[in-house]
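Trainee: Sharing a model that was predicted from the sequence below.
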Amino acid sequence: MATHEPEALLAIAEARVAWVLAHPHISAWLKQALRSAQDVDPIALQNDVEMLRHLVALRSQAQVEMAAASSLVE
């Protein structure tokens with residue numbers, strides 16, 4: 001894996017964010033989260049993203065499993 005300078009990594013991340021914000025099929029809530037994250041302290045943001053990942057992943061996994069189970073019953 002190539003090592004990048006922090007400035008290069010930031011430029012890559014900013015380009016990816018810009019792509020997501022411009023993409024018409026990306027959800028509005030994700031776009032709003034990206035916009036609101038622009039001025040947040042990076043350490044606080046990193047903590048929030050990790051918390052969100054744990055909470056949303058667990059909930060969405062349970063919802064998908066419930067939907068799959070109910071489709072088997074029908």
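Mentor: Nice, thanks for sending it over. Residues are numbered from 1 along each chain as shown.

Trainee: what sits up against stretch 31-48?
Mentor: Val17, Val20, Leu21 (Cβ atoms under 8 Å, 6 or more residues apart in numbering). Heads up, the C-betas are built off the backbone N, CA and C, glycines and all.

Trainee: Using neighbour counts, trim these to the buried set.
Mentor: Among the contacts of stretch 31-48, none counts as buried by neighbour count (16 or more other Cβ atoms under 10 Å).

Trainee: Out of those residues, which is nearest to Ala62?
Mentor: Ala62 lies nearest to Val20 out of the contacts of stretch 31-48, by Cβ to Cβ, at 26.1 Å.

Trainee: Point me to the helix or strand that includes the closest one.
Mentor: Val20 is part of helix 6-22 when elements are defined by DSSP states H and E.

Trainee: Could you give me the buried positions within that helix?
Mentor: Buried-residue list, helix 6-22, by 16+ other Cβ under 10 Å: empty.

Trainee: same thing with stretch 29-49?
Mentor: Of the residues in stretch 29-49, none is buried (16+ other Cβ under 10 Å).

Trainee: Endpoints of that stretch, how far apart?
Mentor: 14 Å (Cα to Cα, to the nearest Å).

Trainee: for stretch 17-35, same thing?
Mentor: OK, stretch 17-35 end separation, Cα to Cα: 9 Å.
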